[in-house]
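**Q** Here is the input, now give the coordinates:
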Amino acid sequence: MEQGRSRTAAPAASLFADVPAQVARGEAVPVGAPAGGRADVRGEGARGEHVHGEQEYPEHGGRGGAPAHAPARRMPQRHSVRGQVLDALRKALVGGELIPGEVYSGPALGERFGVSATPVREAMQQLALEGAVEVVPNRGFRVTSRTARDLAELAEVRALLEVPVLLRLARTVPPARWDGLRPLAEAACIAAATGDRVLYAEADRAFHRALLGLAGNGQLVAVADELHRRAQWPAAHGRPHRAADLVADAAEHLALLEALAAYDVERAEALVRGHFAAAE
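**A** Numbering: from 1, shown residues only. This is a model prediction of the structure:
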């Protein structure tokens, strides 16, 4: 397809294939209901998305009211359709279902999703703020075409932010704390073995969040995680995705933990810098 042409066909269909039936009908999804497929909505609140929490509202006695001892009413807890769409679009970016340079219209995606164009546009506006797409007036949103230089710059910024922190932790954190991160590193290895880029991307970020979390700086973890997310979007005309690349990347997590547990600061630095360089 010619680059820049509005795309409304196959990618959208595969993008929303795994979204729960409730959302596909435009309904809000109660918490506790199975999310289904990849449309996992956990963590929306942490990202600042619209989530209705379950709250108790006691009924007070008095004129026209229920007795003071009446049980409190429970308001149902629900996730927003916008959050479901945003999560699906982010995964589609990582998985290559949304193609760099292509234009996607809100109404077309909304029609395939079974919802109005409004939550799709809202999700796309958030992705525009993150630099994943750009607004095309009267047409929709174009997926950003990132170059190898863009990825190299992201890798450089991540290294400037994370390497000094990891080197400080390498000298102070006891080996048992590093061993506690092994389950996350092993989970990433399992995800990599499937060849599923989306599944591995989530496991990869979970490991790095836990790693930096040992520094006790929540702002650091949030900023680093956002940079990591952006680094996971594929570049236009990049090299073909290979499962072997994911396996090699995941193996570096385990090697890094071994170096950190052994207080081998020099090896740990070499591994983490090489890890970022490989992401370029």
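
**Q** what is the mean pLDDT for stretch 163-175?
**A** Averaged across stretch 163-175, the pLDDT comes to 94.

**Q** Check which residues of it are buried.
**A** Buried residues in stretch 163-175, counting neighbours by 16 or more other Cβ atoms under 10 Å, are found at 163, 165-166, 169-170, 173. Any C-beta I mention is one placed from the backbone N, CA and C, and that applies to glycine too.

**Q** could you redo those as JSON lines and give each row distance to residue 117?
**A** Converted to JSON lines, the buried residues of stretch 163-175 look like this (distance: Cβ to Cβ, whole Å):
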{"residue": "163", "distance to residue 117": "43"}
{"residue": "165", "distance to residue 117": "42"}
{"residue": "166", "distance to residue 117": "44"}
{"residue": "169", "distance to residue 117": "46"}
{"residue": "170", "distance to residue 117": "50"}
{"residue": "173", "distance to residue 117": "49"}
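
**Q** Turn these into TSV, including secondary structure and distance to residue 96.
**A** Output for the buried residues of stretch 163-175, formatted as TSV (DSSP: H, G, I helix; E, B strand; the rest coil; distance: Cβ to Cβ, whole Å):
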residue	secondary structure	distance to residue 96
163	helix	29
165	helix	31
166	helix	30
169	helix	34
170	helix	35
173	coil	37
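
**Q** Tell me which two of the residues you listed sit farthest apart.
**A** Of all pairs drawn from those, the greatest distance, 15.2 Å, lies between 163 and 173 (Cβ to Cβ).

**Q** now residue 173: how far from residue 211?
**A** Going from residue 173 to residue 211 by Cβ to Cβ, to the nearest Å gives 10 Å.

**Q** Helices of the stretch 51-200 of the chain, residue ranges please.
**A** 81-95, 106-113, 117-129, 148-172, 175-179, 182-194, 197-213 (DSSP state H, counting those that start in this stretch).

**Q** can you list those helices in CSV and add distance to residue 234?
**A** Shown next, in CSV, are the helices of the stretch 51-200 of the chain (distance: least, Cβ to Cβ, whole Å):
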stretch, distance to residue 234
helix 81-95, 8
helix 106-113, 20
helix 117-129, 15
helix 148-172, 9
helix 175-179, 31
helix 182-194, 16
helix 197-213, 8
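
**Q** Please identify the deepest-packed of those helices.
**A** With neighbours defined as mean count of other Cβ atoms under 10 Å, those peak in mean count at helix 81-95, which reaches a mean of 23.

**Q** how much does it deviate in direction from helix 106-113?
**A** Put simply, helix 81-95 runs at 90 degrees to helix 106-113, going by axes from the mean of the first three to the mean of the last three Cα atoms, to 10 degrees.

**Q** let's number from 27 now, not from 1
**A** With the count now opening at 27, the last piece we talked about shows up as helix 107-121.

**Q** Let me see the domain layout of this protein.
**A** Split into domains by automatic domain parsing, the chain comes to 36-169, 174-304.

**Q** that older thread, so which of the buried residues of stretch 189-201 is the closest to residue 107?
**A** residue 191 (37.3 Å).

**Q** so what's that closest one closest to, chain neighbours aside?
**A** Nearest non-adjacent residue to residue 191, counting by Cβ to Cβ, 6 or more residues apart in numbering: residue 241, 5.2 Å away.

**Q** which residues touch that neighbour?
**A** By Cβ atoms under 8 Å, 6 or more residues apart in numbering, the contact set of residue 241 is 191, 194-195, 247.

**Q** roughly how far apart are it and residue 123?
**A** 35 Å.

**Q** quick one on the thing from earlier: quick one: the residue nearest to residue 191 from residue 195, how far?
**A** As judged by Cβ to Cβ, residue 241 and residue 195 stand 6 Å apart.

**Q** before we move on, what about residue 120?
**A** In terms of Cβ to Cβ, residue 120 sits 28 Å off from residue 195.

**Q** Could you measure from residue 258 over to residue 224?
**A** Taken as Cβ to Cβ, the span from residue 258 to residue 224 is 9 Å.

**Q** Also residue 158?
**A** Residue 158 sits at a distance of 15 Å from residue 224 (criterion: Cβ to Cβ).
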